[in-house]
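J.: Need a 3D model of the following:
(chains A and B)
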Amino acid sequence: GAVVSQHPSWVICKSGTSVKIECRSLDFQATTMFWYRQFPKQSLMLMATSNEGSKATYEQGVEKDKFLINHASLTLSTLTVTSAHPEDSSFYICSARDGRDRGNQPQHFGDGTRLSIL
Amino acid sequence: GNSVTQMEGPVTLSEEAFLTINCTYTATGYPSLFWYVQYPGEGLQLLLKATKADDKGSNKGFEATYRKETTSFHLEKGSVQVSDSAVYFCALYNFNKFYFGSGTKLNVKP
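T.: Residues are numbered from 1 along each chain as shown, chains lettered A, B, ... in the order given. Here you go, the predicted model:
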């Protein structure tokens, strides 16, 4: 139980295009979802927290207009990297919190999406 | 504030050697502590956790004890295997947020 699926797992696109990454909770309702960014050989940095039906809360230094987050349902959050450039290349990981606090961890992590901008 | 400090890697060991990866933290309140493992190209997998002082988390031969007096949560394993090669992250969970250490890469040679 408590599976979080991210799609796509890997995407390569040209500079200037927008890329959408999906994060789905497959067997639970996620009241809150989180988006992290991981640079090569570095730790995960929280980018934003999204609650279903409301605007995302962004961490300091994260551009809201660059990284658009939508949490339209209790099982789906999307991260759109707008007008992507090579410096946006990174590994993006989402996580989701089960609204009923089941499971052995407060957030369940997806397998990540590797974004490469040429 | 909340932060996690991990020993820098990479750590290279021979198979069956003893493993210690140090982790210390600073936090307000009463955080929970976690160890996650990340294999190449994959997301995070929960390895073990401890929710209060003196708790010991254990899984797959790994263990860590929540030491409030030393603000530490060191990861240990008595005999590592080649399949344990991965990056290990120590993490603190407080006020509904995760704070991750920088990660320690472990290489186990046959």
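J.: Please determine how far the residue nearest to residue B:65 when sequence neighbours are not counted is located from residue B:80.
T.: Excluding the flanking residues, the one nearest residue B:65 by C-beta to C-beta, 6 or more residues apart in numbering or on different chains is residue B:56, at 4.7 Å. Any C-beta I mention is one placed from the backbone N, CA and C, and that applies to glycine too. The gap separating residue B:56 from residue B:80 is 19 Å, by C-beta to C-beta, to the nearest Å.
J.: pLDDT score assigned to residue A:44?
T.: In this prediction, residue A:44 carries a pLDDT score of 88.
J.: Show the contacting residues for it.
T.: A:36, A:37, A:38, A:93, B:44, B:89, B:98, B:100 (C-beta atoms under 8 Å, 6 or more residues apart in numbering or on different chains).
J.: Mind picking the two most distant members of the residues you listed?
T.: A:37 and B:89 (14.3 Å; C-beta to C-beta).
J.: Would you format the contacts of residue A:44 as a markdown table with neighbour count and distance to residue B:65 included?
T.: Output for the contacts of residue A:44, formatted as a markdown table (neighbours: other C-beta atoms under 10 Å in any protein chain shown; distance: C-beta to C-beta, whole Å):
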| residue | neighbour count | distance to residue B:65 |
| --- | --- | --- |
| A:36 | 25 | 27 |
| A:37 | 20 | 31 |
| A:38 | 21 | 27 |
| A:93 | 25 | 27 |
| B:44 | 27 | 21 |
| B:89 | 26 | 18 |
| B:98 | 25 | 20 |
| B:100 | 22 | 20 |
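J.: Quick check on residue B:56 and residue B:80: which one has the bigger neighbour count.
T.: More neighbours sit around residue B:80 than around the other of residue B:56 and residue B:80, counting by other C-beta atoms under 10 Å in any protein chain shown; the figures are 22 against 10.
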